[in-house]
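Trainee: let me see the structure of the following:
(chains A and B)
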Amino acid sequence: MNNFRNKYRNRYYQANVTPFGTIQLHQRNPVIIALWSVAFPGFGHFLVHKFVTGFALFFWEFYINQLTQLNTAIIYSFNGNITQAKAVLNEKYIYLYIPVYLFAIWDSYRTTVDENKIHLLARRENARYPNFSVSPFEMNYLDKKKPWIALIWSMTIPSLGQLYIHRIIAAVLTLLMTMFIVINSNMIEGLHYFLLGNFPKSREVMGAQWLLYFPSIYFFGMYDSYSNAVELTKLFDWEQADFLKRNHQQENFVLHKGEKI
Amino acid sequence: MDIQFFSTFQHSHYVELAISKLKVNEIVNIYAVPLDNRSMDMKLIDSMHGADGTSLVDIGLVLAMMGGTIGVARGFVLHWGPVFWGLIGAAGGFAIGFVYDLIKNLIKRKKIRASKSKLGEVILIVQCTNEQAEFVEQTLWGNLALGVAKTRMQTAQIEAAATDNQINLPLLEN
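Mentor: Purely as a prediction, here's the structure:
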C-alpha cells in the first residue's frame, strides 16, 4: 500500500520493521520448511511469516487431533499395538485430517520457493525500507542478535528466544501452547517423579495425548529463534552498509597519501 | 596541517554512534567504506559478528523433534518412561543431524580457511584539524574501532598539485 503513496515507488522490499517484529525475506531451504509442516501443520507457514494461514492450519490440526485422539493412536502405533491404535482413532473425523495435513506441507514448500524468488528481486532492486518503528504498542529496530543466546533462552521456556529477537506473534503462540500442553499433560508432575527416580509413577501421571505435542513445539521454538537471529544479524549488516554508502561517501572527499604517525 | 584517520569497525550501532558524535562536534569530512568479506569467512558456528548462513542446526532440530516424538511415544511402554526416552530420542536425533551437517560443511569448506581474528567490516576515514585529532582518536577507540591509524596530510603545495592533476586529467582526455 505504501508503494503508491510513496514518492519513491518500489516494487519489492527486502524487509519491514514493524512493531510486532521484523519481517524479512531471505533465502530459505524449502525442504526444511516443509519438514516443519510435517512436524506440525502451520509451523512451516510461521517460518515464512504467513501467520494467519499458519494459525488456521495450526489450530485446525490441534482441534482434529484432540477429536480423533490421533496422538494416542500414534503412540500405540509406534509401540506396535495396532489393535488399540485402531480402537482409539475416531473414524468420524480422521479422514478430514489427511488433505489439510498434506496441503500444509505442500503449501509451505511452494511459498518458500516463491519467497526465495521475490527475495532475489528485492535484493537486486535494493529498495529502502523502514529500519525503525515506534508505536504505542512496541518499539522495534534493527539490531544484531546473538543466535546462541536466542537458542539458550528457547531451551528454558519455549518462546523466550523468540521474544529476545522480537518475534512477538510467534512468541505469544509458542508460550500459550507450551503452557496449555504442560498443564494438560501433567508434565511438571511427571518431571517431579522422574527426578525422584520413580519412573513408573512418572509414566503413569503423564497424559500421552497431550505430551506428544511437546517435542514439536519445543524444537520449533529453538529453530525459529536461532535461524531468525542469524538472519536479523545479516540484515543489520546489509542495512548499515547500505546506509553508509548512501550517506557517507561524498564525492568531494579527497583521500590524502599521508605519513602514519 | 590536517590529519586523516583510517579506522576499521565491525558492523554495529557503534559505527553510527561514532559518525554522529563526530558530526555533532563539527567534524564532517567522513568517508565510510563497507567491505564485502562475508563469503570468505565460513565459520561453523554463527556468532553475532559472523553469521554466514551456514547452519548446523537445521537438520539437527528437525531430527530432534522427530526423535523426541518417537521417544516420548515409546517411553509410555518402556521402563524408563516418556521423559528419558523423549530426551534420548531428541538428543540422538539432534546428534545425527548435527554430525551430518558438520561433515557436509567440512567437506564444503576444505579450501576456505576461516580466520580466527575479528574481521574489519567497515573502513572509516575521518579528516580533521590537528587540534581535533585527539578527540577523534578517542571517539574512534571509544566506539570499539578494531584499528586506528593517524596520518599527517602532505603540505599544501603537494595537495594543490594533486587536486590539479585530478581536474586536468579528464580535460586532457577530452
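Trainee: CA only for contacts and neighbour counts going forward, please
Mentor: Noted.
Trainee: so what's the residue of chain B found nearest chain A up against?
Mentor: Closest to chain A within chain B is residue B:151: 4.1 Å, counting by C-alpha to the nearest C-alpha. Residue B:151 sits next to A:258-261, B:3-6 when contact means C-alpha atoms under 8 Å, 6 or more residues apart in numbering or on different chains.
Trainee: need the residues you listed in TSV with pLDDT and distance to residue A:28, can you?
Mentor: What follows is the contacts of residue B:151, written out as TSV (pLDDT from 0 to 100; distance: C-alpha to C-alpha, whole Å):
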residue	pLDDT	distance to residue A:28
A:258	81	47
A:259	84	48
A:260	85	46
A:261	81	48
B:3	90	47
B:4	91	43
B:5	93	41
B:6	93	38
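Trainee: restricted to buried residues, select the residues you listed in PyMOL.
Mentor: Of the contacts of residue B:151, the buried ones can be selected in PyMOL as follows, counting by 16 or more other C-alpha atoms under 10 Å in any protein chain shown:
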select buried, (chain A and resi 258) or (chain B and resi 3+4+5+6)
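Trainee: roughly how far does residue A:148 sit from chain B?
Mentor: Here residue A:148 is placed at a distance of 7 Å from chain B (C-alpha to the nearest C-alpha, to the nearest Å).
Trainee: correction: the previous question concerned residue A:133.
Mentor: As judged by C-alpha to the nearest C-alpha, residue A:133 and chain B stand 16 Å apart.
Trainee: how is that residue assigned, secondary-structure-wise?
Mentor: strand (DSSP: H, G, I helix; E, B strand; the rest coil).
Trainee: returning to that earlier point: confirm the residue of chain B closest to chain A sits in a strand?
Mentor: Yes: counting by three-state DSSP, residue B:151 is located in a strand.
Trainee: can you pull the contacts of the nearest residue to it once chain neighbours are set aside?
Mentor: Leaving aside its chain neighbours, residue B:151 sits nearest to residue A:260 (4.1 Å; criterion: C-alpha to C-alpha, 6 or more residues apart in numbering or on different chains). Contact partners of residue A:260, counting by C-alpha under 8 Å, 6+ apart, are B:149-152.
Trainee: let me know the closest of the contacts of residue B:151 to residue A:50.
Mentor: Closest approach between those and residue A:50, by C-alpha to C-alpha: residue B:6, at 45.1 Å.
Trainee: so which bits of stretch A:248-261 are buried?
Mentor: Here stretch A:248-261 shows A:248, A:256, A:258 as buried, counting by 16+ other C-alpha under 10 Å.
Trainee: out of these, which touch chain B?
Mentor: Among the buried residues of stretch A:248-261, the residues within reach of chain B (C-alpha under 8 Å from any C-alpha of the partner chain) are A:248, A:256, A:258.
Trainee: just put those residues in JSON lines and tack on secondary structure.
Mentor: Shown next, in JSON lines, are these (three-state DSSP):
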{"residue": "A:248", "secondary structure": "coil"}
{"residue": "A:256", "secondary structure": "coil"}
{"residue": "A:258", "secondary structure": "coil"}
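Trainee: closest to residue B:30 out of those?
Mentor: Distances from residue B:30 to those, taken by C-alpha to C-alpha, are shortest for residue A:248, at 6.5 Å.
Trainee: got the phi and psi for the closest one?
Mentor: Backbone dihedrals for residue A:248, given as degrees, to the nearest 10, come out at phi -130, psi 40.
Trainee: pull the contacting residues for it.
Mentor: B:30-32.
Trainee: strands - which of these land there?
Mentor: B:30-32 (DSSP state E).
Trainee: by neighbours, which of these wins?
Mentor: residue B:32 (24 neighbours; other C-alpha atoms under 10 Å in any protein chain shown).
Trainee: ok, what's across the strand from that residue?
Mentor: Bridge pairing for residue B:32 (DSSP bridges) gives the partners residue B:124.
Trainee: ok, it to residue B:5 distance?
Mentor: 12 Å (C-alpha to C-alpha, to the nearest Å).
Trainee: same question for residue B:137.
Mentor: 8 Å.
Trainee: find residues that contact each of these two.
Mentor: residue B:148.
Trainee: in the chain, which spans are helices?
Mentor: You didn't say which chain, so I picked chain A. Under the criterion DSSP state H, chain A contains helices at A:2-5, A:30-39, A:43-47, A:51-68, A:70-78, A:82-88, A:94-125, A:147-156, A:160-164, A:168-184, A:187-195, A:199-205, A:208-211, A:214-247.
Trainee: let's do chain B instead
Mentor: Going by DSSP H, chain B shows helices at B:13-24, B:58-75, B:81-108, B:133-142, B:156-173.
Trainee: so which bits of the fourth one are buried?
Mentor: It stands for helix B:133-142. For helix B:133-142, the neighbour count (16+ other C-alpha under 10 Å) marks B:133, B:136-137, B:139-140 as buried.
Trainee: could you do the longest one as well?
Mentor: For helix B:81-108, burial by neighbour count (16+ other C-alpha under 10 Å) applies to B:81-98, B:101-102, B:105.
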